[in-house]
Structures are given as structure tokens and as C-alpha cells.
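Chemist: any chance you could fold what I've pasted below:
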Amino acid sequence: MAEIGVDGLITFFYYEDLDEAGRFYSEVMGFELVTDQGWAKIFRVTGGAHVGVVDGERGYHKASHTKPVMLTVVVPDVDAWYDHLGRHGARILSEPHDNEELGLRMFLLEDPEGYVIEIQRFY
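Modeler: Predicted structure coming up:
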């Protein structure tokens, strides 16, 4: 694979309320909006890793109440993210805790339409 290369990765989520999803990923998560196509917005998470939010009426997939994927964001300080997201009114699902079996510290939250986001740090 190294010969042909990869420049980045975008994971797309589909929403009934694109404006609210865009606000969440920009203002609450603090991700940089790099492309706004009107019915799809792409946010840089870090380096070449992005998350795309798409109008469920226009995208390849439709918005669904079932959310069978999880976005995991690896961060340097889980507790600082917990405090930040709590101050911004995010729907926190669990408090930061250590998972000795997996060797990580983590917590979970939901975005405005129920996609689960895991904030974690390996140790």
C-alpha cells in the first residue's frame, strides 16, 4: 500500500438537522471546518483525519435513528476534554474512567442526533 499512498480519511455521518450537527462539530468539539459544500460539511479532526456531516436527504445514505458506528477521538488529556465538553452542554454518557484491560482512559458522549463519540487516551 505504501507505493500508492493515502493522504487522509473522512468518516461521514448523516443528519436530519445538518445545521445543528455542523454547529456541534465546530463550536462544541472545536473541529476546523475545511469544506462547506452546502449539504455536506467536512471538519478536520487532526492531520489527515476528518469527519463529514451530511444532509440525510441529499447524501448517499439517509439519516437514520439507528447509529451503528462510533467516532473515537484520541486526545492527550481525557479529563480536560470532559471538562470542556461539559461546559459546552454536550450530552455526556459516562464519566472519565480507566479501562485497565484495554490500557486506556475514556468517556462517551452523544452528538445532537445520537452518534456516540468516544474520547480516549492510551496509556
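Chemist: can you list phi and psi of residue 74 for me?
Modeler: Dihedral pair for residue 74: phi -90, psi 120, per degrees, to the nearest 10.
Chemist: is it in a bridge, and if so with what?
Modeler: Judged by DSSP bridges, the bridge partners of residue 74 are residue 120.
Chemist: surely it touches residue 122?
Modeler: Yes: the criterion here is C-beta atoms under 8 Å, and residue 74 meets it with residue 122 at 7.0 Å. In short, each C-beta sits where N, CA and C put it, glycine included.
Chemist: neighbour count winner among the two?
Modeler: Taking neighbours as other C-beta atoms under 10 Å, residue 74 and residue 122 compare with residue 74 leading, 15 against 9.
Chemist: distance of that one relative to residue 11?
Modeler: 14 Å (C-beta to C-beta, to the nearest Å).
Chemist: and residue 54, what does it touch?
Modeler: The neighbours of residue 54, taking C-beta atoms under 8 Å, 6 or more residues apart in numbering as the test, are 12, 13, 14, 15, 18, 39, 40, 60, 61.
Chemist: report pLDDT for the residue nearest to the third one when sequence neighbours are not counted.
Modeler: Excluding its sequence neighbours, the residue lying closest to residue 14 (C-beta to C-beta, 6 or more residues apart in numbering) is residue 56, at 4.2 Å. In the prediction, the pLDDT value recorded for residue 56 is 96.
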